[in-house]
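Using only what follows, build the 3D model:
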Amino acid sequence: MHPILNIAIRAARKGGNAINYDFDNQNIFLKNKIEHFKKVEKTIFFSYKIMKNIILKTYPDHYICKINEKIKKNKEKKIQWIINPLNGIENFKNNLPHFCISIAVIINFRLEISVIYDPLKNELFTAVQGRGAQLNGYRIRCNNDHVQKNIIIAINKPFNSQQHITYYQKIFKNFALENIHFRCTGSKMLDFAYFSSGRLDGLFYFNLENTWDNYMAGILQVQESGGLIRNFFEENILLKKKSMLVGNSSCLKKVFKNI
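Residues are numbered from 1 along each chain as shown. Modelled structure (predicted):
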(Lines give C-alpha, C1' and ligand atoms only; values in the text may rest on other atoms or scores of the structure.)
Protein backbone atom coordinates (compact mmCIF):
# COMPACT_ATOMS: atom_id res chain seq x y z
CA MET A 1 0.00 0.00 0.00
CA HIS A 2 1.17 3.51 -0.78
CA PRO A 3 2.68 5.02 2.42
CA ILE A 4 0.87 8.34 1.95
CA LEU A 5 -2.41 6.45 1.51
CA ASN A 6 -1.89 4.84 4.92
CA ILE A 7 -1.63 8.26 6.56
CA ALA A 8 -4.63 9.55 4.60
CA ILE A 9 -6.72 6.61 5.82
CA ARG A 10 -5.61 7.12 9.41
CA ALA A 11 -6.46 10.81 9.23
CA ALA A 12 -9.88 10.16 7.68
CA ARG A 13 -10.80 7.58 10.33
CA LYS A 14 -9.74 9.86 13.19
CA GLY A 15 -11.60 12.81 11.70
CA GLY A 16 -14.61 10.56 11.20
CA ASN A 17 -14.57 9.59 14.88
CA ALA A 18 -14.87 13.27 15.83
CA ILE A 19 -17.78 13.79 13.42
CA ASN A 20 -19.50 10.64 14.66
CA TYR A 21 -19.18 11.64 18.30
CA ASP A 22 -21.14 14.87 17.84
CA PHE A 23 -23.67 13.22 15.54
CA ASP A 24 -24.34 10.22 17.81
CA ASN A 25 -24.56 12.29 20.97
CA GLN A 26 -26.87 14.86 19.38
CA ASN A 27 -24.51 17.61 20.49
CA ILE A 28 -25.19 19.77 17.45
CA PHE A 29 -28.98 19.59 17.29
CA LEU A 30 -29.80 22.69 19.28
CA LYS A 31 -33.01 24.72 19.02
CA ASN A 32 -31.18 28.05 18.90
CA LYS A 33 -30.09 28.58 15.28
CA ILE A 34 -27.03 30.66 16.14
CA GLU A 35 -25.77 28.11 18.68
CA HIS A 36 -26.57 25.34 16.22
CA PHE A 37 -24.52 26.98 13.46
CA LYS A 38 -21.57 27.63 15.77
CA LYS A 39 -21.61 24.06 17.03
CA VAL A 40 -21.53 22.65 13.49
CA GLU A 41 -18.65 24.96 12.57
CA LYS A 42 -16.78 23.85 15.68
CA THR A 43 -17.30 20.19 14.79
CA ILE A 44 -15.99 20.75 11.24
CA PHE A 45 -12.96 22.70 12.45
CA PHE A 46 -12.14 20.12 15.13
CA SER A 47 -12.26 17.28 12.59
CA TYR A 48 -10.07 19.27 10.16
CA LYS A 49 -7.55 20.04 12.92
CA ILE A 50 -7.29 16.36 13.93
CA MET A 51 -6.60 15.28 10.35
CA LYS A 52 -4.15 18.11 9.72
CA ASN A 53 -2.14 17.24 12.85
CA ILE A 54 -1.92 13.56 11.88
CA ILE A 55 -0.67 14.42 8.40
CA LEU A 56 1.87 17.03 9.49
CA LYS A 57 3.23 14.78 12.23
CA THR A 58 4.36 12.31 9.55
CA TYR A 59 4.90 14.72 6.66
CA PRO A 60 5.79 18.16 8.10
CA ASP A 61 6.95 19.42 4.69
CA HIS A 62 3.65 18.74 2.94
CA TYR A 63 1.16 21.55 2.31
CA ILE A 64 -2.44 21.23 3.46
CA CYS A 65 -4.88 23.41 1.58
CA LYS A 66 -7.37 25.33 3.65
CA ILE A 67 -11.06 24.53 3.25
CA ASN A 68 -12.23 25.63 -0.25
CA GLU A 69 -8.71 26.80 -1.13
CA LYS A 70 -7.55 26.29 -4.72
CA ILE A 71 -4.46 24.24 -5.53
CA LYS A 72 -1.39 26.46 -5.48
CA LYS A 73 0.93 26.21 -8.46
CA ASN A 74 4.08 26.66 -6.45
CA LYS A 75 7.15 24.57 -7.18
CA GLU A 76 8.06 24.49 -3.49
CA LYS A 77 4.78 22.80 -2.61
CA LYS A 78 5.29 19.51 -4.43
CA ILE A 79 2.81 17.54 -2.30
CA GLN A 80 -0.53 19.13 -1.45
CA TRP A 81 -3.46 17.73 0.51
CA ILE A 82 -7.05 18.78 -0.15
CA ILE A 83 -9.20 17.96 2.90
CA ASN A 84 -12.95 18.24 3.16
CA PRO A 85 -13.74 17.48 6.82
CA LEU A 86 -17.48 17.21 6.20
CA ASN A 87 -19.18 16.79 2.84
CA GLY A 88 -22.95 16.85 3.26
CA ILE A 89 -23.19 19.61 5.85
CA GLU A 90 -26.93 20.17 5.39
CA ASN A 91 -27.59 16.47 5.93
CA PHE A 92 -25.47 16.57 9.06
CA LYS A 93 -27.27 19.68 10.36
CA ASN A 94 -30.66 18.02 9.90
CA ASN A 95 -29.73 14.70 11.51
CA LEU A 96 -29.77 12.88 8.15
CA PRO A 97 -27.11 10.14 8.26
CA HIS A 98 -25.56 10.68 4.86
CA PHE A 99 -22.25 12.55 4.88
CA CYS A 100 -18.54 11.82 4.57
CA ILE A 101 -14.95 12.99 4.79
CA SER A 102 -12.76 13.29 1.71
CA ILE A 103 -9.02 13.64 1.17
CA ALA A 104 -7.14 14.10 -2.10
CA VAL A 105 -3.35 14.19 -2.43
CA ILE A 106 -1.67 16.06 -5.29
CA ILE A 107 1.95 15.09 -5.99
CA ASN A 108 3.88 17.27 -8.43
CA PHE A 109 0.55 18.72 -9.61
CA ARG A 110 -0.78 15.26 -10.44
CA LEU A 111 -3.77 13.76 -8.66
CA GLU A 112 -2.39 10.60 -7.03
CA ILE A 113 -4.43 9.54 -3.98
CA SER A 114 -8.07 9.70 -2.94
CA VAL A 115 -9.89 8.74 0.25
CA ILE A 116 -13.64 9.07 0.83
CA TYR A 117 -14.81 7.84 4.22
CA ASP A 118 -18.37 7.40 5.47
CA PRO A 119 -17.89 7.25 9.27
CA LEU A 120 -21.44 6.11 10.05
CA LYS A 121 -21.39 3.09 7.72
CA ASN A 122 -17.64 2.58 8.17
CA GLU A 123 -17.21 2.48 4.39
CA LEU A 124 -13.77 3.47 3.15
CA PHE A 125 -13.41 4.25 -0.56
CA THR A 126 -9.81 4.62 -1.74
CA ALA A 127 -8.03 5.11 -5.05
CA VAL A 128 -4.40 5.41 -6.15
CA GLN A 129 -3.41 6.66 -9.58
CA GLY A 130 -2.91 3.66 -11.87
CA ARG A 131 -3.79 1.08 -9.18
CA GLY A 132 -7.58 1.12 -9.27
CA ALA A 133 -10.26 1.93 -6.70
CA GLN A 134 -11.31 -0.05 -3.63
CA LEU A 135 -14.08 -0.23 -1.05
CA ASN A 136 -12.88 -1.52 2.33
CA GLY A 137 -9.94 -3.20 0.61
CA TYR A 138 -11.91 -4.86 -2.21
CA ARG A 139 -11.57 -3.79 -5.83
CA ILE A 140 -14.56 -1.90 -7.25
CA ARG A 141 -15.68 -0.93 -10.75
CA CYS A 142 -18.39 1.37 -12.01
CA ASN A 143 -21.53 -0.07 -13.59
CA ASN A 144 -20.75 -0.92 -17.23
CA ASP A 145 -24.12 -2.42 -18.15
CA HIS A 146 -24.70 -1.03 -21.63
CA VAL A 147 -28.17 -2.52 -22.13
CA GLN A 148 -29.94 -1.46 -18.95
CA LYS A 149 -33.26 0.29 -19.54
CA ASN A 150 -33.42 2.27 -16.30
CA ILE A 151 -30.61 4.60 -15.30
CA ILE A 152 -30.22 6.18 -11.87
CA ILE A 153 -28.11 9.33 -11.74
CA ALA A 154 -27.28 11.67 -8.88
CA ILE A 155 -27.89 15.37 -9.37
CA ASN A 156 -27.22 18.53 -7.40
CA LYS A 157 -29.71 21.26 -6.60
CA PRO A 158 -29.14 23.99 -9.19
CA PHE A 159 -32.03 26.24 -8.29
CA ASN A 160 -29.92 28.97 -6.70
CA SER A 161 -29.95 30.31 -10.26
CA GLN A 162 -33.64 31.19 -10.51
CA GLN A 163 -33.40 32.67 -13.99
CA HIS A 164 -32.75 29.20 -15.49
CA ILE A 165 -35.20 27.20 -13.40
CA THR A 166 -37.51 26.52 -16.36
CA TYR A 167 -34.60 25.09 -18.35
CA TYR A 168 -33.61 22.75 -15.51
CA GLN A 169 -37.19 21.56 -15.10
CA LYS A 170 -37.30 20.75 -18.82
CA ILE A 171 -34.17 18.59 -18.44
CA PHE A 172 -35.70 16.65 -15.54
CA LYS A 173 -38.89 16.12 -17.53
CA ASN A 174 -36.87 14.69 -20.45
CA PHE A 175 -35.02 12.41 -18.01
CA ALA A 176 -38.29 11.04 -16.64
CA LEU A 177 -39.61 10.30 -20.14
CA GLU A 178 -36.43 8.33 -20.96
CA ASN A 179 -36.53 6.25 -17.73
CA ILE A 180 -33.63 8.22 -16.29
CA HIS A 181 -34.28 8.47 -12.57
CA PHE A 182 -32.50 11.06 -10.47
CA ARG A 183 -31.51 11.40 -6.82
CA CYS A 184 -30.34 14.47 -4.93
CA THR A 185 -28.54 12.97 -1.93
CA GLY A 186 -26.89 16.06 -0.45
CA SER A 187 -23.35 14.62 -0.47
CA LYS A 188 -21.49 14.93 -3.78
CA MET A 189 -18.46 12.98 -2.57
CA LEU A 190 -20.57 9.99 -1.60
CA ASP A 191 -22.23 10.27 -5.03
CA PHE A 192 -18.79 9.89 -6.63
CA ALA A 193 -18.00 6.94 -4.37
CA TYR A 194 -21.34 5.28 -5.05
CA PHE A 195 -20.90 5.67 -8.79
CA SER A 196 -17.43 4.13 -8.56
CA SER A 197 -18.80 1.11 -6.71
CA GLY A 198 -21.71 0.60 -9.14
CA ARG A 199 -24.47 1.85 -6.86
CA LEU A 200 -25.25 4.76 -9.18
CA ASP A 201 -25.13 4.80 -12.97
CA GLY A 202 -24.08 8.41 -13.37
CA LEU A 203 -23.74 11.91 -11.93
CA PHE A 204 -25.06 15.12 -13.43
CA TYR A 205 -23.98 18.34 -11.72
CA PHE A 206 -24.61 21.76 -13.15
CA ASN A 207 -24.36 25.34 -11.91
CA LEU A 208 -21.65 24.19 -9.52
CA GLU A 209 -20.70 26.73 -6.88
CA ASN A 210 -17.05 25.61 -6.66
CA THR A 211 -14.23 24.73 -9.04
CA TRP A 212 -13.32 21.15 -9.88
CA ASP A 213 -10.50 21.36 -7.30
CA ASN A 214 -13.10 20.69 -4.61
CA TYR A 215 -14.03 17.37 -6.24
CA MET A 216 -10.53 15.94 -6.76
CA ALA A 217 -11.07 13.00 -4.40
CA GLY A 218 -14.22 11.97 -6.26
CA ILE A 219 -12.69 12.51 -9.71
CA LEU A 220 -9.86 10.05 -9.04
CA GLN A 221 -12.33 7.47 -7.73
CA VAL A 222 -14.27 7.71 -10.99
CA GLN A 223 -11.19 7.50 -13.19
CA GLU A 224 -9.76 4.49 -11.39
CA SER A 225 -13.08 2.61 -11.44
CA GLY A 226 -13.43 2.94 -15.21
CA GLY A 227 -15.84 5.87 -15.39
CA LEU A 228 -15.82 8.82 -17.79
CA ILE A 229 -15.96 12.51 -16.85
CA ARG A 230 -17.21 15.24 -19.15
CA ASN A 231 -18.09 18.89 -18.92
CA PHE A 232 -19.94 20.96 -21.45
CA PHE A 233 -17.76 23.94 -22.35
CA GLU A 234 -19.29 25.74 -25.33
CA GLU A 235 -21.93 23.12 -26.15
CA ASN A 236 -24.44 24.92 -23.93
CA ILE A 237 -23.93 28.39 -22.52
CA LEU A 238 -26.00 27.62 -19.40
CA LEU A 239 -23.76 24.67 -18.56
CA LYS A 240 -20.41 26.21 -19.55
CA LYS A 241 -17.51 25.04 -17.35
CA LYS A 242 -19.61 24.89 -14.17
CA SER A 243 -21.01 21.48 -15.02
CA MET A 244 -19.87 17.90 -14.70
CA LEU A 245 -21.27 14.71 -16.18
CA VAL A 246 -20.04 11.31 -15.02
CA GLY A 247 -21.01 7.89 -16.34
CA ASN A 248 -20.16 5.05 -18.69
CA SER A 249 -20.40 5.54 -22.46
CA SER A 250 -24.02 4.40 -22.78
CA CYS A 251 -25.16 6.52 -19.84
CA LEU A 252 -23.43 9.62 -21.24
CA LYS A 253 -25.05 9.17 -24.64
CA LYS A 254 -28.50 8.84 -23.12
CA VAL A 255 -28.07 11.87 -20.86
CA PHE A 256 -26.54 14.07 -23.59
CA LYS A 257 -29.53 13.29 -25.80
CA ASN A 258 -31.86 14.83 -23.22
CA ILE A 259 -30.08 18.07 -22.42
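
C-terminal to the strand or helix carrying H181, what's the next element?
Assigned by DSSP states H and E, H181 falls within strand 180-183. Following strand 180-183 in sequence order, the next helix or strand is helix 188-196 (DSSP H and E).

So what are the sheet partners of the strand holding H181 and their directions?
Sheet pairing of strand 180-183 (DSSP bridges) gives strand 151-155 (parallel).

Mind checking the pLDDT average for the strand it pairs with?
Strand 151-155 shows a mean pLDDT of 86.

now stretch 247-259
What stretch 247-259 shows for mean pLDDT is 71.

Counting neighbours, which bits of the strand holding H181 end up buried?
Residues I180 are the ones in strand 180-183 that count as buried (16 or more other CB atoms under 10 Å). In this view, the C-beta of every residue, glycine as well, is placed from N, C-alpha and C.

Could you tell me how far it lies from the centre of the chain?
18 Å (CA atoms, centre = their mean, to the nearest Å).

Same check on stretch 116-126?
Put simply, stretch 116-126 sits 12 Å off its chain's centre (CA atoms, centre = their mean).

just stretch 128-144 next, same as before
Worked out by CA atoms, centre = their mean, stretch 128-144 lies 16 Å from the chain centre.

Which residue, other than its chain neighbours, is closest to N17?
Spatial nearest neighbour of N17, chain neighbours left out: P119 (6.9 Å); criterion: CB to CB, 6 or more residues apart in numbering.

Likewise for Y215?
Among residues not flanking Y215 along the chain, K188 sits closest, at 6.7 Å (CB to CB, 6+ apart).

For that neighbour, give me its contacts.
Contacts of K188 were listed using CB atoms under 8 Å, 6 or more residues apart in numbering, and they are 87, 154, 156, 203, 205, 215, 218.
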